[in-house]
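> output the structure for:
(one chain, ligands or ions: 1)
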Amino acid sequence: MDLTDIEALEARFNGELQACADDRALTALHDAYLSRKRGHIGEIMRQLPQVDPSVRGAVGQRANALKRRVEEAIEKRRAELAEAAQQAIVDLVDVTLPGIRPRRGFIHPISQTRREICRIFMQMGYSIEDGPELDTEYYNFEAANIPRDHPARDAQDSFYVTDDLLLRTHTTPVQIHAMERRKPPLRIIAPGRVFRRDATDATHTPMFFQVEGLVVGKGISFAHLRGTLQTFAHMMFGPDVKLRLRPSYFPFVEPGAEVDISCFLCKGNGCRVCKDSGWIEILGAGMVHPALFDRVGYDRKEVTGFAFGMGIDRITLLKHGIEDTRLFFENDYRFLSQFRS
Ligand code: DAH
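All right, here's what the predicted structure looks like:
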């Protein structure tokens, strides 16, 4: 071995270096030349003792110089490749352009109303109850005292999944589930989705939201119902709002009532929200029908109760003076962002 071998090795290295296009190739090249045991330069060092003593010193020096050059050249090439990769990204993306600020999310107006209703009743000591959206005829109708021939049970009006299973048409079945699960006294509200086969228009959507309320205990009276709803109306719509109960019929309560509040917008003078009547209907309510107690094993001579149900969508519409409930479901950011709280 002599100096020409080293020169030849250096020429070979330079060629291979040029062919390295990425970090992995460079690492392989590094090992091929500089690995102590297997590297070409190490090999030269090992053969040094056999080199003719007259040139051994020069060969050794040359080999060492090559080693340094190889190290430096590989590092330099590594830096060049990194720089080129960086530049490729910069060429692709103009990092000096202003960023696009992500839109901040916020609570949907219907959820805001639901939360407010729940908060008001929780302050009055109610707990929140949940029930299935897919329920049986028994819970949705039968146990709620809605007879077989009642028009509400028509397949035209409800989404049936099987003969016996349907998407609940109201939150009233949660009353039955709750009473089956728990012993009186009971003070619950149950917010949730309900489904009806209504044609969609400004006041109907096939899915909407209700909140059901139920209080059962010894000596619960209609006066408790009225006082509770009056308190709710004040907290929800303002301290000046008056309450009006009109006799009405719901199979699961007796007596039953429809509940109006005085128009919080025009204060009773007449406007488009109350349709010039000065009153707005907000919910249905009544004293729990004793037949419901019989079904869940409560003693109708021991306990009485009141119940109410209201539409969350409807209350949201009223509060904001909106005329078309479909707006809540279109998810148009321009509409929804007005309810950012
Ligand atoms: N379930 C009725 C509906 O969907 C609303 C309702 C009325 C619920 C009177 C009640 C009630 O609890 O007492 O229209």
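> can we go C-alpha only for contacts and neighbour counts from here?
Fine.
> elements contacting the longest helix along the chain?
If you go by DSSP state H, the chain has its longest helix at helix 53-92. Judged by 3 or more CA pairs under 8 Å, 6 or more residues apart in numbering; DSSP states H and E, the packing partners of helix 53-92 are helix 3-19, helix 23-34, helix 40-47.
> ok, the residue nearest to Asn140 when sequence neighbours are not counted - contacts?
Spatial nearest neighbour of Asn140, excluding adjacent residues (CA to CA, 6 or more residues apart in numbering): Pro173 at 5.0 Å. By CA atoms under 8 Å, 6 or more residues apart in numbering, Pro173 lies in contact with Gly131, Tyr139, Asn140, Phe141, Ala143, Ala144.
> what about the residue in the stretch 101-250 of the chain that the ligand sits nearest to, which helix or strand?
Nearest residue of the stretch 101-250 of the chain to the ligand, counting by CA to the nearest ligand atom: His170, 4.4 Å away. According to DSSP states H and E, His170 maps onto no helix or strand at all.
> quick one: it and Glu142, what's the gap?
To Glu142, His170 is 13 Å away according to CA to CA, to the nearest Å.
> which one's more surrounded, those two?
Taking neighbours as other CA atoms under 10 Å, His170 and Glu142 compare with His170 leading, 23 against 17.
> how about the residues of the stretch 151-300 of the chain by the ligand?
Within the stretch 151-300 of the chain, the positions lying close to the ligand (CA under 6 Å from any ligand atom) are His170, Thr172, Glu212, Phe250, Val253, Gly284, Ala285, Gly286.
> got a markdown table for those, with pLDDT and secondary structure too?
As requested, those are exported to a markdown table (pLDDT from 0 to 100; DSSP: H, G, I helix; E, B strand; the rest coil):
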| residue | pLDDT | secondary structure |
| --- | --- | --- |
| His170 | 96 | coil |
| Thr172 | 97 | coil |
| Glu212 | 98 | strand |
| Phe250 | 95 | coil |
| Val253 | 97 | strand |
| Gly284 | 97 | strand |
| Ala285 | 98 | strand |
| Gly286 | 98 | strand |
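> quick one: which of those residues is most hemmed in?
Counting neighbours by other CA under 10 Å, Ala285 comes out on top of these with 30 neighbours.
> just to confirm, which helix or strand has the residue nearest to that one when sequence neighbours are not counted in it?
Leaving aside its chain neighbours, Ala285 sits nearest to Phe308 (3.9 Å; criterion: CA to CA, 6+ apart). Per DSSP H and E: Phe308 is located in strand 304-311.
> for that strand, packing partners?
Strand 304-311 packs on strand 207-217, helix 222-237, strand 279-288, going by 3+ CA pairs under 8 Å, 6+ apart.
> low-confidence bits of the protein, can you list those?
Applying pLDDT under 70 to the chain flags no residue at all.
> and the residue nearest the centre of it?
By CA atoms, centre = their mean, the chain has its centre lying nearest to Ile107, at 9.9 Å.
> how about that one: what's its closest non-neighbour residue?
Nearest non-adjacent residue to Ile107 (CA to CA, 6+ apart): Arg340, at 7.1 Å.
> next one: that neighbour from the ligand, what distance?
29 Å (CA to the nearest ligand atom, to the nearest Å).
> returning to that earlier point: tell me which helix or strand the residue nearest to the centre of the chain sits in.
Ile107 belongs to no helix or strand, assigned by DSSP H and E.
> swap in the one 10 residues further on?
Secondary structure here is read from DSSP H and E; on that basis Ile117 sits in helix 109-123.
> tell me what the helix or strand following that helix is packed against?
Helices and strands here follow DSSP H and E; after helix 109-123, the next one along the chain is strand 127-128. Packing partners of strand 127-128 (3+ CA pairs under 8 Å, 6+ apart): helix 109-123, strand 186-195.
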